[in-house]
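Visitor: 3D model of this:
(2 chains)
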Amino acid sequence: MSLLAQSVAVARVNVMGLVSRPGSALVVVLGVACVVGVMLSVLSIVVGLQLAARSGTDPRNAIVLATDALGEGASQVSRDACSTLLQAPGLAHGPDGRAILDCEILQSLQLEGFGGGMLYVRGVGDRASGLYPDFKITSGHAFRPGIHELMVGAGAQAIFKLKVGDTVIMPDGEWPIVGSFSSGGGMLESQLLADGATLSASTRGDHFNSVLVQLEKPDRFDAFSGWIAGNPALAVAAEPQVEFYRRSVGGWVDFYTSLAFFIASILALGALLGSINVLYGRVRARTQEIVTLRIFGFGAAPIAVSVLVEALLLALLGALIGIACAWLLVNSKRSIVVSTTFQFSLSAHFVLVGFAWAAVIALAGSILPALRAVRLPITAGLRA
Amino acid sequence: MKYLPLIAATLWRRPVETILTFLAVTAGFMLFASMMGLNVTYRRAVESVPDNRLLVVARFPGPSGGLPIGMEERLRRVPGVAAVGAWASVCGHFGADEKFACVFNVDEGMREALPFPIEASDWKRLMETLDGALLSRKAAERLGLKVGDTIPLVVSAGARGDGSNSWPYQVIGIVPESPEWAHGYRVGNLKYFQNNRPLPLQGMIGGFRVGLSDRVTVNEVARSIDHYFANSGTPTRSYSAREEASYAQSSIGDLALLTRLVAGAGLFLILYLTANVLAREVKERTAELGVLQALGFTNLQLMGLVCAEAAIPCVLGAELGTGLAAMLTSVPDGWLPKGFNIPEATVSWAVFVAAAGAAVVLALGSSALPILMLWRRRPAELLAAS
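Guide: Model (predicted):
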C-alpha cells in the first residue's frame, strides 16, 4: 500500500469516527466558528466603509477645499474662488459647452433625539447631476430650484428614519422631503440634498464648502492642481474625489481592521489551545486503534496526516459556520460612523482570510497531537 | 483543605492538558475583561459628567462659527441658570509630523460653568495672557510640549483675519487632568480667538457651557433656552453635558453591540471548551470516582472535588487573563482616529471581581453534566464502568 493510499485510508477511518465522538469535534468546530464569525463581523464594517468611500464617484472627479481645511465641513471657499476655478485647465465640458463644476454647501443639522451621528444637507447646483454618475431618484421627485425642498439619501433614510413627506427644521422654517435617492451606495447617500442657492440664502452663508469638478481625463489632475497651486490667492487645494473620500474614512478603516485582528488573535489563541487539548484527548482515546494500525504495517506519516486532516476538516466546517453567522447577523445592516452611513458587507477577500485563519488554527493545533500519535510506543499502547 | 492534595494530584495527572485548559481560559477571559473594561469605562465616562450642566450650540452650525457672544448675558437671565461660559475651538496641526491638536478657548465665565481642576493663579495668568495656553499633563506628554514652548497650529484658510494659516499659542502652564477629557485638554483665552478672527466673524463663538442651580431639571432649562432663541438669527440646540458624553461612544458605531458580541463569543468559547475537557476527565476517571465512593465519599464530597478541579484553572485563568487585559487596554486606543475624546478601557477591580464570579459560574456550569452523571450512578456502576 502506497503512502498516499495509507494516508487516505487512515484519514477516512478517522473522519468516519467523528460521528461517534461529536462532543470533542464540536469544540474545534465551534471554537473556529467563534474566531471567524467575530473577525468577519468586525471586518464587515471595514468593507462597508471602503465601499461607501469608492462608490458613486467618477475617477475623473476632483474636489477643491480651503487650504489646510480639516474636512469639508470646516472648509470655506469664497465665491470669487469658485468663479475663478472655471478658468482652470483640464475641466470637462458638457454638451452645452459649460464646464462641469459645482460649488457646494454643506450644512450640518442637529436632529432632536439623535446622538449617533451628524446629518448634513448638501446644497448643489444645476451641474451636480453630471458629477454623481450613479445618482438615481428612488421615490418622489427632485427638489425644485428656488423652492424649500429636500431629497433624502438611502443611508440617511435608514439611519435617521427620514422618509418622503417628512419635514426637516431648517434656519428659515420647515422644509419638506419631496424625494429619495440612491447613489450607488456612496457617501452622498448619507446626506440630504437641496438647491445650493436656496440653501445658501437660508443659512445666510457667503462661502461655499467645496467645489466638485470633473476633469477631461483622470490624468489631467496634475495640470488642474498645478494651476491651483500657482494661484495662492485662491487659498484652495485640490484632491481626487475618490482619494478624499478614502482619506475621510481611512482612520476608521485602520481602526476597525486593527481591532478585528486584535480580537481575532486572542480568540484564535483560545481556540488553538482548545483544539490542541481536544486533539490530544482524541489521540489518547484512539491509542489502541493507532497502535493496531501500526502493527498492521501502517507508517507513522499516514497516522500523523490523519490527525492533521481531521483537524483541518473540523476547522473548515467551523469557518463555514462562522461565515454563515456573520452573514446572517450583520451583512447588509446599516450603521453610521460620525457622518458616513454604510452597509456592513462581507467581501470575498476577507472570507478567504477567514478560511486561512481556520486552516492555520487547525494545522498549528494538530501538530503536537499528531507527533504524540506517531510516537506512541506499540507495547505500551496495546496495554492501554 | 484536606482534599487539596487530592485535587492537586488530579490536576497534575495530565499536566499538559491542565496547562492548555488554563491558558485557553486565560485567553478567553483576556478578551472578556477587555470588552467588560470598555463597557465599564464608557458607562463611567457618561455617569461621571454632572447632570446639572448644559451645552448650548447653534442649531445650524456653519464653518464660520456658531453663536454670537452677545447671547451670554441673555443666557445668564434664564431661570435656573447659575453660570455661563463661552468657548470656541481652534483645531489644526503642527510640527513636521503634523500632530493634530485642538485648543479650547474659554472666557472668564467658564471658571464656574465648567470647573477645570486649574489653580486660581494659573487661571488668572491664562485670562491675562492673550496667546497663552494651559495644557494638562497628558496633553503635554502626547504633544511633546513643555512650559515656554510655542504651538504653531496650522489652521484652515480663512480662519484668521490676517489671512495667515498659522495660529500660535504659548504654553504657559501644565495643569492637572480633568475626568471629562480622557486624553487630556488644552485651554486657551477666548479673547485671543475673537481678536484674530476675520472682521465679520468677530463675536461669533462655538457655543456656551451652562451650569444650573440645583432645583431645576436639565431638560426644562434646555427647552426654555431653545424656545427663547427659536426665532433669533441663530437658533440654539441645548442638551445635557451627559448626553454629549454618550455621543462620543455612539460616534464610533454600535460599539456596545460589538463588545457584547465579542465578550459573548469569548465566554462561549471557554465555557464549551472547559465543559468538554471536564466531561472527558470525569468520564476517564469514572472508576477512580467509584473507588472514592466505595471508600465512603458522599455524592456531595465527590461533586465538591469535581467542581474544585474545574474552578481552580478557571479562576486562576480568569484573573491572569483580566490582568493581561489591564495591560493591553491602551493598545486599541492608539489606533483610534485623531480628535475623538473616547476614553481608553480601564480594567478596574470591579472587572477582576466580575471575572472571578464569571469563572466560578463557568466552573459550576462546566461541571454540571459530570456531576449529574455521578449523582445517577451507584458505586458498583461506577466501578463496573472501568
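
Visitor: Find the nearest non-adjacent residue to whatever residue of the stretch 101-250 of chain A ends up closest to chain B, please.
Guide: Nearest residue of the stretch 101-250 of chain A to chain B (Cβ to the nearest Cβ) works out as A:Ala235 at 3.8 Å. For the C-beta atoms, the positions are set from N, CA and C on the backbone; glycine is no exception. Taking Cβ to Cβ, 6 or more residues apart in numbering or on different chains as the measure, A:Ala235 lies nearest to B:Ala157, with 3.8 Å between them; neighbours along the chain are not counted.

Visitor: and the gap between that neighbour and B:Ser164?
Guide: 9 Å (Cβ to Cβ, to the nearest Å).

Visitor: Neighbour count: those two, which is higher?
Guide: For B:Ala157 versus B:Ser164, neighbours defined as other Cβ atoms under 10 Å in any protein chain shown are more numerous around B:Ala157 (23 against 13).

Visitor: doesn't B:Asn165 make contact with the more buried one?
Guide: Yes. Under the criterion of Cβ atoms under 8 Å, B:Ala157 lies in contact with B:Asn165, with a separation of 6.0 Å.

Visitor: anything in contact with each of those two?
Guide: A:67-68 (Cβ atoms under 8 Å, 6 or more residues apart in numbering or on different chains).

Visitor: still on that earlier bit, what pLDDT does the residue nearest to A:Ala235 get?
Guide: Model confidence at B:Ala157, expressed as pLDDT, equals 73.

Visitor: List the beta-bridge partners for B:Leu67.
Guide: Beta-bridge pairing of B:Leu67 under DSSP bridges involves B:Ile205.

Visitor: Check the spacing between it and chain A real quick.
Guide: Shown here: B:Leu67 relative to chain A, a distance of 12 Å by Cβ to the nearest Cβ, to the nearest Å.

Visitor: for chain A, what spans make up the strands?
Guide: Read by DSSP state E, chain A holds these strands, from start to end of the chain: A:61-66, A:77-78, A:101-109, A:119-124, A:135-140, A:150-153, A:167-170, A:173-183, A:192-195, A:207-208, A:210-214, A:236-240, A:334-337, A:340-343.

Visitor: now the angle between strand A:61-66 and the third one, please.
Guide: The one in question is strand A:101-109. With axes from the mean of the first three to the mean of the last three Cα atoms, to 10 degrees as the basis, strand A:101-109 and strand A:61-66 are set at 60 degrees to each other.

Visitor: same thing with the fourth one?
Guide: Going by the same axes, to 10 degrees, strand A:119-124 is angled at 110 degrees with respect to strand A:61-66.

Visitor: who's in contact with A:Val351?
Guide: The neighbourhood of A:Val351, defined by Cβ under 8 Å, 6+ apart, consists of A:40, A:323.

Visitor: For B:Ile225, which of the strands of chain A is the nearest?
Guide: For B:Ile225, the closest of the strands of chain A is strand A:167-170, at 16.1 Å, according to Cβ to Cβ.

Visitor: quick one: the closest one to chain centroid distance?
Guide: On the basis of Cα atoms, centre = their mean, to the nearest Å, the separation between the geometric centre of strand A:167-170 and that of its chain is 32 Å.

Visitor: List the pairing partners of that strand within its sheet, with orientation.
Guide: Looking at strand A:167-170 with DSSP bridges, its partner strands are strand A:173-183 (antiparallel).

Visitor: Sort out which residues of the strand it pairs with are buried, please.
Guide: Applying a neighbour-count criterion of 16 or more other Cβ atoms under 10 Å in any protein chain shown, one finds A:175-183 buried in strand A:173-183.

Visitor: next one: stretch B:111-126
Guide: By neighbour count, with 16+ other Cβ under 10 Å as the criterion, the buried positions of stretch B:111-126 are B:111, B:113-114, B:116, B:118, B:122-123, B:126.

Visitor: And the contacts of that stretch?
Guide: Against stretch B:111-126 from outside (Cβ under 8 Å, 6+ apart): B:53, B:82-85, B:106, B:110, B:132-134, B:172-173, B:175-178, B:180, B:185, B:187-189, B:208-211.

Visitor: export it as PDB, just CAs?
Guide: Coordinates of each C-alpha in stretch B:111-126 appear next as PDB, following Å, rounded to 0.1, in the frame of the first residue of the first chain:
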ATOM      1  CA  ARG B 111     -14.500  79.000  35.600                       C
ATOM      2  CA  GLU B 112     -17.900  78.500  37.100                       C
ATOM      3  CA  ALA B 113     -19.800  76.900  34.200                       C
ATOM      4  CA  LEU B 114     -17.300  74.000  33.600                       C
ATOM      5  CA  PRO B 115     -15.000  73.800  36.600                       C
ATOM      6  CA  PHE B 116     -11.500  72.800  35.500                       C
ATOM      7  CA  PRO B 117      -9.000  71.500  38.100                       C
ATOM      8  CA  ILE B 118      -6.900  74.600  37.500                       C
ATOM      9  CA  GLU B 119      -5.400  76.700  40.300                       C
ATOM     10  CA  ALA B 120      -6.700  80.200  40.600                       C
ATOM     11  CA  SER B 121      -3.200  81.700  39.900                       C
ATOM     12  CA  ASP B 122      -2.900  79.600  36.600                       C
ATOM     13  CA  TRP B 123      -6.400  80.600  35.600                       C
ATOM     14  CA  LYS B 124      -5.600  84.300  36.300                       C
ATOM     15  CA  ARG B 125      -2.500  84.000  34.200                       C
ATOM     16  CA  LEU B 126      -4.400  82.500  31.300                       C
END
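
Visitor: Show me how far it is from its chain's centre.
Guide: In this view, stretch B:111-126 has its centroid 26 Å away from the chain centroid, taken as Cα atoms, centre = their mean.

Visitor: For it, what does the pLDDT average out to?
Guide: Averaged across stretch B:111-126, pLDDT comes to 89.

Visitor: does any bit of the helix or strand that contains B:Val360 sit next to chain A?
Guide: Here B:Val360 sits within helix B:349-376, counting by DSSP states H and E. No. Using Cβ under 8 Å from any Cβ of the partner chain as the criterion, no contacts between helix B:349-376 and chain A are found, and the smallest distance is 9.9 Å.

Visitor: buried set for that helix?
Guide: Residues of helix B:349-376 classed as buried by neighbour count (16+ other Cβ under 10 Å): B:351-352, B:354-356, B:358-360, B:362-363, B:366-368, B:370-371, B:373-374.

Visitor: What number of residues are in the vicinity of A:Ser306?
Guide: Burial measure for A:Ser306: 28 neighbouring residues, criterion other Cβ under 10 Å.

Visitor: Oh, that last question was meant for A:Arg294, not what I typed.
Guide: Applying other Cβ under 10 Å, we find 19 other residues in the vicinity of A:Arg294.

Visitor: So for it, what's the pLDDT?
Guide: According to the model's per-residue confidence, A:Arg294 sits at a pLDDT of 79.

Visitor: Apart from its chain neighbours, what residue comes closest to it?
Guide: Distances taken as Cβ to Cβ, 6+ apart put A:Ile378 closest to A:Arg294, at 5.7 Å, once the chain neighbours are dropped.
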